[in-house]
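In: Fold the following for me, if possible:
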Amino acid sequence: MAKLKLGLQLGYWGALCPGENHTLLAQEAENLGYDSVWTAESWGNDCFTPLAWIGAQTSSIRLGTSVAQLSARTPTACAMATLALDALSGGRMVLGLGVSGPQVVEGWYGQPYSKPVTRTREYVSIVRQVLARNAPVTNDGEFYPLPYNGPGSWGMGKPLKPITHPLRADVPIFIGAEGPKNVTQTAEIADGWLPLYYSPYRQEVYADQIAGAREGFEICPTVMVNINDDLEAALYPVKAMLGFYIGGMGSAKRNFHKELMARMGFPDEAEQIQSLFFQGKRDEAIAAVPDAFADEISLCGPRDRVREKIQDWENSPVTSLLVNGDEDFLRDLAELVL
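Out: Residues are numbered from 1 along each chain as shown. Have a look, this model is predicted:
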């Protein structure tokens, strides 16, 4: 079984630009042998610009978007950004895509959140057409018709192919998927999967959905790591994250993170967390997160315990752990994993 790789997950920015901190972390990760560095977007910074900045100041580490939101740009615009960044970095780009959720898609991008699985398939098909550059790009799908001949059209559009010859036709495409149908499709059409939560102790949750994956398919979950002799203290940041995502990252009617927690064996607890969160009882929502669930999807506790748990991840289909921390943390984890 292949040894686990490590990726640096920088995520999206908070209230302030992180300045050179992210670049320095990426450089340290590259020096330590990390395989990849990832940037994200929500409703603040975009994910391509920071990645280009980091790519200009590194030389070998892979550059991934985790994730580029489909509604933020058309598929051809996304393919153009991918084409450019892959060429400038010497073939280091990994395009991570995701549909986001209805609150962001409809509230921030002003687009309907409908048929996300179908939309994703169309999107990926168009991106691959652009990068392959075999013929002018066309699409007769429901969401991204090319050329466009709908309402308001001048009737003058014609199929085009990129002026610039892509450095690689096979830039890896990963998808951040949670729902069963989306994960199944990801295994079919993508080169990798970016799970938000994964438990090496419950491989059966996704076993059937990833069974049809192509050879070399990568699975790269973001995993919180906290080395601390006090296990309860080590797990608290994980529970705080879960309390926020399961309680508040979605509406009361539809929260994909809550639904995932239920499928992973904790339906009653997921319901309780959301209920407490919407009542404004955030501390109680965090406390309601089961230690067992937080522990399964993370690497927490004393150093020897973390070392033992890494073996469980190595015995799973996971290929890379995407982690975040300061330079001392990156060095410490490299010693344990690499």
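
In: can you map out the strands along the chain?
Out: Along the chain, the segments classed as strands by DSSP state E run 5-11, 36-39, 62-65, 68-69, 93-98, 173-175, 192-193, 218-219, 225-227, 299-301, 320-323.

In: so which of these gets nearest residue 129?
Out: Nearest of the strands of the chain to residue 129, taken as CB to CB: strand 173-175 at 12.2 Å. In short, each C-beta sits where N, CA and C put it, glycine included.

In: contacts for that closest one?
Out: Residues from elsewhere that reach strand 173-175, judged by CB atoms under 8 Å, 6 or more residues apart in numbering: 64, 66-67, 94-98, 120, 124, 127-128, 182, 185-186, 189-194, 218, 220.

In: re the thing from before, for the strands of the chain, which one ends up most surrounded?
Out: Of the strands of the chain, the one with the most neighbours on average (mean count of other CB atoms under 10 Å) is strand 36-39, at a mean of 27.

In: Output the contacting helices and strands for that one.
Out: On a contact count with 3 or more CB pairs under 8 Å, 6 or more residues apart in numbering; DSSP states H and E, strand 36-39 meets strand 5-11, helix 21-32, helix 48-55, strand 62-65, strand 320-323.

In: can you put these in a markdown table and add distance to residue 259 and mean pLDDT?
Out: Below are the helices and strands packed on strand 36-39 laid out as a markdown table (distance: least, CB to CB, whole Å; pLDDT from 0 to 100):
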| stretch | distance to residue 259 | mean pLDDT |
| --- | --- | --- |
| strand 5-11 | 22 | 98 |
| helix 21-32 | 32 | 98 |
| helix 48-55 | 29 | 98 |
| strand 62-65 | 24 | 98 |
| strand 320-323 | 22 | 98 |
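
In: Of those, which is nearest residue 240?
Out: Using CB to CB, the nearest of those to residue 240 is strand 5-11, at 14.9 Å.

In: strand partners of that closest one, parallel vs antiparallel please.
Out: Take DSSP bridges as the rule and strand 5-11 pairs in its sheet with strand 36-39 (parallel), strand 320-323 (parallel).

In: between these, which gets nearest to residue 297?
Out: The closest of the strands paired with strand 5-11 to residue 297 is strand 320-323. By CB to CB, the value is 11.2 Å.

In: to the chain's geometric centre, what's the distance from that closest one?
Out: 11 Å (CA atoms, centre = their mean, to the nearest Å).

In: I'd like to know the phi and psi angles of residue 203, please.
Out: phi -60, psi -20 (degrees, to the nearest 10).

In: Chain neighbours aside, what residue packs nearest to it?
Out: Of all residues not flanking residue 203 in the chain, residue 316 sits nearest, at 5.9 Å (CB to CB, 6 or more residues apart in numbering).

In: Tell me the spacing between the one you found and residue 83.
Out: Going from residue 316 to residue 83 by CB to CB, to the nearest Å gives 34 Å.

In: okay, these two: which has more neighbours?
Out: residue 83 (23 against 18; other CB atoms under 10 Å).

In: what sits against the nearest residue to that one once chain neighbours are set aside?
Out: The shortest distance from residue 83 to any residue other than its chain neighbours is 4.8 Å, reached at residue 166 (CB to CB, 6+ apart). The contact partners of residue 166, taken as CB under 8 Å, 6+ apart, are 83, 86-87, 130-133.
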